[in-house]
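S.K.: build me a model from this:
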Amino acid sequence: MTSCIEELLALMTCGLPQLRSGDIELVVELTRNQKNNMVCRYYFVDHTNRLLFWLHEIPAARIFDGVVGVEKWSHIKYAIQHQYWQHCELYPSDHLQGPKLLKELKAVVMYASAEVITTDLSLSPFDSDELSRILDLIDRFEDNVNGAHYTCVIVRFMRYFSRAQFFNFCGLPEARLNADQPLFVKEKKSKFIVALSWAINVALFDAPRSHMAELRRVWVDRSINSPRWKNFNTKLSSEWSGITMYSTVMIAVDVSFLAVPSVNIQNAGSVAVISTYISLFCIVGSLVVSLFLARQNRMYGQESADAAVVFLMRVTGSVFGTKSLATVHGLPYAMLLWGMVYFIIAFSYQVFTSTPIITLATTGSACGIIALFTLWLVSAARDFHMLPWLQARLGVFNEKCRTLSQTQRWLR
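M.R.: This is a model prediction of the structure:
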């Protein structure tokens with residue numbers, strides 16, 4: 001250990017004579033590698049510039065935390081500062097100026113609070129409630145903040161903000177300005193994958209697309225905004241709890257419908273009986289998947305941002321990427337709707353095949369009106385309007401006809 005320290009200090013004196021040894025710390029650890037050989041691991045701490053540095057070339061993959069496109073020193077600086085604050089948290093030093101550092105932290109927290117209040121696209125690693133508690137904690141500090149415990153508190157928060165600066169490419173022309181702004185061009189999927197995703201989305205009543213939009217606000221460039229992650233999981237828990245309640249009601253409705261005397265259960269080939277059975281299977285599937293996802297959400301939803309990144313990297317590693325996770329999240333809603341659709345088929349068959357003409361006409365008219373209003377409401381909620389869509393398709397068709405006509409005239 002002593003010889004290793006002396007060699008490193010001598011090397012630093014020869015290679016970096018401009019550094020003052022009073023502002024530099026050396027951290028050394030003796031470990032064994034895979035071949036069971038003794039290895040000296042180290043890093044130097046520069047408190048003046050708030051940096052860590054090494055005298056030998058080292059791999060930077062672990063420092064960059066998987067962020068790609070890190071090239072400029074002004075960007076690398078924030079990754080090194082994140083490591084520096086972590087060192088200061090583990091080993092508080094007298095080199096840190098407590099009052100100055102506290103003033104700097106308070107300014108950063110106040111700016112983040114203003115950003116959170118004025119926009120929902122904030123890049124702050126803390127939400128409004130957490131920022132308020134941090135400010136309250138800072139206000140409780142006394143004038144003397146040079147103790148080790150005070151230092152640990154201050155540098156811990158500084159570490160989070162420094163990491164956010166690194167992940168958002170702070171100070172660069174391509175910096176991320178909004179929480180849902182991607183910085184990298186996504187790879188194009190194959191036509192087969194796109195077509196299959198579209199078919200699954202249609203079959204699941206557009207549920208994957210809506211969940212995909214929410215995921216894109218949380219999972220941006222393989223990084224997570226912690227406040228949005230917490231809100232996202234809160235919404236998911238609320239949605240799945242509601243679906244669980246609706247599924248329980250629909251199971252009771254299906255079983256009660258099978259108990260109606262006019263529904264002949266002995267006739268296994270009846271449309272009403274088959275549709276009701278399929279409806280029960282869909283509802284039970286929705287209930288089971290909702291309970292399973294709710295349990296998974298309780299286990300992983302409240303994890304830290306680091307654990308959430310590992311979880312999302314694991315579940316989105318397939319060919320479909322985040323679409324696979326969005327599809328899984330939309331399954332309870334889609335199966336519940338399919339259960340309702342099959343129940344409506346069974347109920348409609350029972351009504352319209354065994355009623356007089358007058359009853360058939362009145363119930364049919366009422367059913368048509370209700371279906372019309374329901375489709376209108378669904379299309380409005382999905383921001384889909386039939387008339388503008390038809391006009392747009394007609395315009396495209398007319399343009400193609402005009403182009404074809406001009407081409408034929410030119411060939412003549």
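S.K.: can we go C-alpha only for contacts and neighbour counts from here?
M.R.: Noted.
S.K.: which parts of the stretch 201-350 of the chain are helices?
M.R.: Along the stretch 201-350 of the chain, counting by DSSP state H, counting those that start in this stretch, helices occupy 207-218, 226-258, 271-300, 305-315, 322-352.
S.K.: tabulate those helices (a markdown table), appending mean neighbour count and mean pLDDT.
M.R.: Putting the helices of the stretch 201-350 of the chain into a markdown table (neighbours: other C-alpha atoms under 10 Å; pLDDT from 0 to 100) gives the following:
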| stretch | mean neighbour count | mean pLDDT |
| --- | --- | --- |
| helix 207-218 | 19 | 86 |
| helix 226-258 | 17 | 89 |
| helix 271-300 | 20 | 88 |
| helix 305-315 | 14 | 69 |
| helix 322-352 | 21 | 89 |
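S.K.: among those, which is nearest residue 41?
M.R.: helix 305-315 (25.0 Å; C-alpha to C-alpha).
S.K.: distance to residue 11 added to the helices of the stretch 201-350 of the chain, as JSON lines?
M.R.: Below are those laid out as JSON lines (distance: least, C-alpha to C-alpha, whole Å):
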{"stretch": "helix 207-218", "distance to residue 11": "46"}
{"stretch": "helix 226-258", "distance to residue 11": "42"}
{"stretch": "helix 271-300", "distance to residue 11": "47"}
{"stretch": "helix 305-315", "distance to residue 11": "36"}
{"stretch": "helix 322-352", "distance to residue 11": "49"}
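S.K.: and residue 177, which of those helices is closest to it?
M.R.: It's helix 207-218; of those, that one is closest to residue 177 (C-alpha to C-alpha) at 13.5 Å.
S.K.: that older thread, wait, which of the helices of the stretch 201-350 of the chain is closest to residue 105?
M.R.: Per C-alpha to C-alpha, nearest to residue 105 of the helices of the stretch 201-350 of the chain: helix 226-258, 19.2 Å.
S.K.: which neighbouring elements make contact with the closest one?
M.R.: helix 207-218, helix 271-300, helix 322-352 (3 or more C-alpha pairs under 8 Å, 6 or more residues apart in numbering; DSSP states H and E).
S.K.: same list, these, but as TSV with distance to residue 188 please.
M.R.: Putting those into TSV (distance: least, C-alpha to C-alpha, whole Å) gives the following:
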stretch	distance to residue 188
helix 207-218	16
helix 271-300	30
helix 322-352	14
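S.K.: right, and these - which one's nearest residue 42?
M.R.: helix 271-300 (34.8 Å).
S.K.: the closest one: how far from the chain's middle?
M.R.: How far helix 271-300 lies from its chain's middle: 25 Å, per C-alpha atoms, centre = their mean, to the nearest Å.
S.K.: just checking, what packs against that helix?
M.R.: By 3+ C-alpha pairs under 8 Å, 6+ apart, helix 271-300 packs against helix 226-258, helix 305-315, helix 322-352.
S.K.: how about JSON lines for those, with distance to residue 73 added?
M.R.: Shown next, in JSON lines, are the helices and strands packed on helix 271-300 (distance: least, C-alpha to C-alpha, whole Å):
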{"stretch": "helix 226-258", "distance to residue 73": "26"}
{"stretch": "helix 305-315", "distance to residue 73": "24"}
{"stretch": "helix 322-352", "distance to residue 73": "32"}
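S.K.: ok, which of those helices comes nearest residue 30?
M.R.: helix 305-315 (27.9 Å).
S.K.: list the buried ones in stretch 153-170?
M.R.: 154-170 (16 or more other C-alpha atoms under 10 Å).
S.K.: how about it as PDB, C-alpha atoms only?
M.R.: Extracted in PDB, the C-alpha atoms of stretch 153-170 (Å, rounded to 0.1, in the frame of the first residue of the first chain):
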ATOM      1  CA  VAL A 153     -26.800  16.400   3.200                       C
ATOM      2  CA  ILE A 154     -25.700  19.200   0.900                       C
ATOM      3  CA  VAL A 155     -23.500  17.100  -1.500                       C
ATOM      4  CA  ARG A 156     -26.200  14.400  -1.700                       C
ATOM      5  CA  PHE A 157     -28.600  16.800  -3.300                       C
ATOM      6  CA  MET A 158     -25.900  18.300  -5.400                       C
ATOM      7  CA  ARG A 159     -25.100  14.900  -6.800                       C
ATOM      8  CA  TYR A 160     -28.700  14.400  -8.000                       C
ATOM      9  CA  PHE A 161     -28.700  17.800  -9.800                       C
ATOM     10  CA  SER A 162     -25.300  17.200 -11.400                       C
ATOM     11  CA  ARG A 163     -26.400  13.800 -12.700                       C
ATOM     12  CA  ALA A 164     -29.500  15.500 -14.200                       C
ATOM     13  CA  GLN A 165     -27.300  18.000 -16.000                       C
ATOM     14  CA  PHE A 166     -25.200  15.100 -17.500                       C
ATOM     15  CA  PHE A 167     -28.200  13.100 -18.700                       C
ATOM     16  CA  ASN A 168     -29.800  16.200 -20.300                       C
ATOM     17  CA  PHE A 169     -26.500  17.400 -22.100                       C
ATOM     18  CA  CYS A 170     -26.500  20.600 -20.100                       C
END
